[in-house]
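Enquirer: Quick one, structure for this:
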Amino acid sequence: MKGLKFDFNNMFGSNVGKEHGVEETELNALSYSVKEAHEHLVSVLADSRNRVSLGLEWTRLPFQDKKEIKIIQKLGDEIAKKYENVISLGIGGSYLGLKAAQDALCSPYYNEFAGARNGRPRIYFEGNNLDPHTLSVLLKNLNPKKTFVIVISKSGETTETRTAFIAVENWLKKSAGRNYGRQIFAITDPQSGSLRKIVDERQKKDKLSFRNLPLIKGVGGRFSEFNMGLLHLAIIGVDIQKVLNGAADMHKRCSSPDLFKNPAYMYAALHTILYRMKGKDIAIVMPFSETLKSTADWYIQMLAESLGKKYARKIIKARDGREEWINDTGRVVNVGRTPIPARGTNDLHSIQQNNIEGMNNKAVTFIRVEKFNSEIKVPAGGESGILAGKRFSEMITLAQEATEWALVRESRPSCTIIMPEASAYNWGALLFFFEMATAFEGELLGVNAFDQPGVEGYKNYMYYKLGKSGLSEKVADEIKNNPLLKDPKFIL
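Expert: Coordinates of the predicted model:
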C-alpha cells in the first residue's frame, strides 16, 4: 500500500445519527464556501508576494533545492560524528516539530541505548519551558566539550529560548574553551533580530563560530518543520529528501478543488460542519502508535494557535493583487475547536470514558499504522489463553477498530488517518496534510490562520515586568492600569 488514506465513514449521520453526524446535504450546502475558499487560496498561493507577507510560504517548502538539502544532510552527518550530545533550544514549532520527528522516525528509547542511535548523538530539548530544574540537571551531567548546541529563534527575543540560550552559552564558555562558539549553531532570521546580531558579531571574530541557517521569510513557526527542522533530521540520520517527497506528493493531492479527491479539504469541511452545526467543539487526536504521540502534540499547537481567534479576518485587496489580512475588531467571533492530544491504547483507560459517556461535543481523529518497524508475538501455552500467537500489531489495530465501534454505538463521530508505516515519506505527507487542512479550515471559518495575537499577551506582561525597553506605551499602560487582583480570602 502506498500513501496515506483518510477514512471518514464515521463522520456521517448514516453511521452516528443525523443529530451528531454530517449529512451529505450539509456537505453539498457547503460546496459554495469550499469553492470560494479554494479559489482564494489558489490566488494567494500563486503570488509570491502574498505567500511571504501573509505567512503561506510554507507551501513551497516541500520543493526546496535538492543541492541545498544535500548540504544540510552532510552538515548533520558531520555534527553527528563529532559530538556525543546535542542540546536543541526552541519553543513552539521549533520544539514540537523536532520532537515529533525524532519520536516518529527514530528508534524508541533513542537517547537511552547506543544501539538505538546507530552512532548518532543524544538529543536533548530545552528552551521550551522556564522550569529551572530540567536545564540545571542536564548541564550538570553533560560534558560541554562533547556537546553541540542548536538555538532556533526568529527574533532571539522569546523569553524561554533566550533565557536557556544565555545559560547554555555561559556553560560552554566556562568549560569548552576559547572557541566554544564553534559548538553553537543558530537557525534564525537572515537579516534582523537580536540572535542575528549575536551571530554576525561572533562571526566577525571567527567564521567557524555560530554557523547558521536562515528561517525562510513567510514561514510561521508552527508551519516551519520543513525549514528549521531539517538540520535536526540530518543529525538523527533521517533522509530529509524522503520527508520532503512525502510532503510534495501530499501537496499534489491537496491541490484538487474536489472534496472527494482532496483529503485535507474533506477533513476541514467535515470538522467545520460538525463544529458549526453539531456542537463538536472538542478535537481529540489519538494516534494508535506510541511513536506518533508527539506528532499529535505538534498538531495540537497547529490547530489551537492557528484557529483559536477572537476576531474575524478582514481582507484588503490592492489593485496589483496584493492582500493584507487584518483583524476586524468590529466582528468578535471567538472561534476555534479545542484540541486535546491522546494516545491509544493507553488513554482508552482514561479519556475514552469521557469520549464515550461525557458530553457529546467531540470529534475524534485516529491515526492508525498498518505496519510497525518491529514486532512481538505472544507465545503459546501457559496463561496466554485467547492471546496465544497474537501479534502486538494485530492487537493494537483491533483496539483501534474496537474504539471506533464503541464511539459509533454511542453516536460519537470519528475519522481515521491510515499510515502504511511510520516512514520518513509518510510522516512528511502526514504533516503537510495537517498543515493544509488547518489552512483550509481557517478559510472556511473566515479567520487568519497564520497569526497568533493571543500569544502576545503573556509575553508583553513578562517584558513589562522585566523592564524591557521598546514596549509600546499603549501596552505598558494596559498592564499598569489593569493589575492582577488577589483577595487573600480566596486563597486557602
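Enquirer: Looks like residue 167 contacts residue 138 (just checking).
Expert: No: between residue 167 and residue 138 there is no contact under C-beta atoms under 8 Å: 10.2 Å. Just so you know, the C-beta spots here come from the backbone N, C-alpha and C atoms, and that holds for glycine as well.
Enquirer: List the residues that contact residue 299.
Expert: Residues in contact with residue 299, defined by C-beta atoms under 8 Å, 6 or more residues apart in numbering, are 285, 339, 341, 434.
Enquirer: host element of the last one?
Expert: When elements are assigned from DSSP states H and E, residue 434 belongs to helix 424-445.
Enquirer: re the thing from before, from the contacts of residue 299, which land in helices?
Expert: residue 434 (DSSP state H).
Enquirer: can you redo the contacts of residue 299 as CSV with neighbour count?
Expert: Shown next, in CSV, are the contacts of residue 299 (neighbours: other C-beta atoms under 10 Å):
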residue, neighbour count
285, 25
339, 21
341, 20
434, 22
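Enquirer: And the contacts of residue 299, which is closest to residue 123?
Expert: residue 341 (20.9 Å; C-beta to C-beta).
Enquirer: quick one, strands of the chain?
Expert: 5-7, 85-89, 122-126, 147-152, 184-188, 211-214, 282-288, 309-317, 323-335, 338-341, 362-371, 414-421 (DSSP state E).
Enquirer: tilt between the fourth one and strand 122-126?
Expert: Which is strand 147-152. Here strand 147-152 runs at an angle of 40 degrees relative to strand 122-126 (axes from the mean of the first three to the mean of the last three C-alpha atoms, to 10 degrees).
Enquirer: Find out how far strand 147-152 is from the centre of the chain, if you would.
Expert: Taking C-alpha atoms, centre = their mean, to the nearest Å, one finds the center of strand 147-152 at 20 Å from the center of the full chain.
Enquirer: can you check the fifth one too?
Expert: Taking the mean C-alpha point of strand 184-188 and that of its whole chain, the gap between them comes to 20 Å (C-alpha atoms, centre = their mean).
Enquirer: same question, the last one
Expert: Using C-alpha atoms, centre = their mean, the mean C-alpha position of strand 414-421 is found 18 Å from that of the whole chain.
Enquirer: ditto for the longest one
Expert: Here the centre of mass of C-alpha atoms in strand 323-335, compared against the chain's by C-alpha atoms, centre = their mean, lies 24 Å away.
Enquirer: May I ask which two of the contacts of residue 299 are separated the most?
Expert: 341 and 434, at 12.8 Å, using C-beta to C-beta across the contacts of residue 299.
Enquirer: tell me how far stretch 257-271 is from the chain's mean position?
Expert: The answer for stretch 257-271 is 20 Å, by C-alpha atoms, centre = their mean.
Enquirer: Could you pull up the residues touching the residue nearest the centre of the chain?
Expert: Centroid check for the chain by C-alpha atoms, centre = their mean gives residue 298 as the closest residue, at 2.9 Å. Residues in contact with residue 298 (C-beta under 8 Å, 6+ apart) are 93, 96, 97, 99, 100, 225, 431.
Enquirer: same check, this time on residue 66
Expert: With contact set as C-beta under 8 Å, 6+ apart, residue 66 has these partners: residue 241.
Enquirer: One more: the one 4 residues further on?
Expert: Residues touching residue 70, when contacts are defined by C-beta under 8 Å, 6+ apart, are absent altogether.
Enquirer: which residue ranges form the helices in the stretch 101-250 of the chain?
Expert: 114-117, 132-141, 159-175, 194-205, 225-228, 230-235, 240-253 (DSSP state H, counting those that start in this stretch).
Enquirer: Find me the pLDDT at residue 134, would you?
Expert: Here, the pLDDT recorded for residue 134 equals 96.
Enquirer: Which residue comes closest to it once chain neighbours are left out?
Expert: residue 126 (6.8 Å; C-beta to C-beta, 6 or more residues apart in numbering).
Enquirer: Quick check: beta-bridge partners of that neighbour?
Expert: On the basis of DSSP bridges, residue 126 is bridged to residue 89.
Enquirer: State whether it and residue 160 are indeed in contact, as I suppose.
Expert: No: at 9.1 Å, residue 126 and residue 160 do not qualify as touching, with contact defined as C-beta under 8 Å.
Enquirer: neighbour-wise, which of these two wins?
Expert: Using other C-beta atoms under 10 Å, the more surrounded residue of residue 126 and residue 160 is residue 126, with 24 against 21.
Enquirer: Could you pull up the residues touching that one?
Expert: Applying C-beta under 8 Å, 6+ apart, we find residue 126 in contact with 87, 88, 89, 134, 135, 138, 164, 168.
Enquirer: next one: residue 257
Expert: Applying C-beta under 8 Å, 6+ apart to residue 257 gives the contacts 34, 35, 38, 39, 265.
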